[in-house]
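In: Requesting a structural model of the entry that follows:
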Amino acid sequence: MELTQRKLAEELGTRQQTISEWETGMYQPRGTSATLLSIIAEHSGFDYKVKEEHDEH
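Out: Okay, the predicted model is just below:
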């Protein structure tokens with residue numbers, strides 16, 4: 001079964017545009033969304049790693 005941006009957005013409780021922005025690299029998933037994507041990817045056999053955020057001063 002193919003997962004659409006709309007369906008993934010519904011499952012994560014976010015907007016379809018947010019999913020599109022993640023796909024294009026405009027923004028990176030953060031917080032709970034990043035954790036959920038990691039869990040979904042692991043169960044799907046897809047290699048996805050959450051990028052660690054670092055404070056730059």
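
In: residues in contact with the closest residue to residue 8 other than its chain neighbours?
Out: Excluding the flanking residues, the one nearest residue 8 by Cβ to Cβ, 6 or more residues apart in numbering is residue 19, at 5.4 Å. For the C-beta atoms, the positions are set from N, CA and C on the backbone; glycine is no exception. Taking Cβ atoms under 8 Å, 6 or more residues apart in numbering as the contact definition, residue 19 lies against 5, 8-9, 12.

In: try residue 15
Out: residue 9.

In: Can you check the pLDDT for it?
Out: Reading off the per-residue confidence, residue 15 sits at a pLDDT of 93.

In: Repeat that for the one 10 residues further on.
Out: What the model reports for residue 25 is a pLDDT of 89.

In: What separation is there between it and residue 43?
Out: Using Cβ to Cβ, to the nearest Å, we find residue 25 at a distance of 24 Å from residue 43.

In: Residue 29 too?
Out: In this view, residue 29 and residue 43 are 16 Å apart by Cβ to Cβ.

In: Show me which of those two is the more surrounded one.
Out: For residue 29 and residue 43, the more surrounded residue by other Cβ atoms under 10 Å is residue 29, and the numbers stand at 20 against 8.

In: Could you look up the SS state of that one?
Out: In terms of secondary structure, residue 29 is coil; the call rests on DSSP: H, G, I helix; E, B strand; the rest coil.

In: Residues contacting whichever strand or helix holds residue 7, please?
Out: When secondary structure is defined by DSSP states H and E, residue 7 falls within helix 5-12. Among residues not part of helix 5-12, those counted as contacts by Cβ under 8 Å, 6+ apart are 15-16, 18-20, 23, 33, 36-37.

In: Identify the residues contacting residue 14.
Out: Residues touching residue 14, when contacts are defined by Cβ under 8 Å, 6+ apart, comprise residue 33.

In: try it again with 10 Å
Out: Residue 14 makes contacts with 8, 22, 29, 32-33, 36, as judged by Cβ atoms under 10 Å, 6 or more residues apart in numbering.
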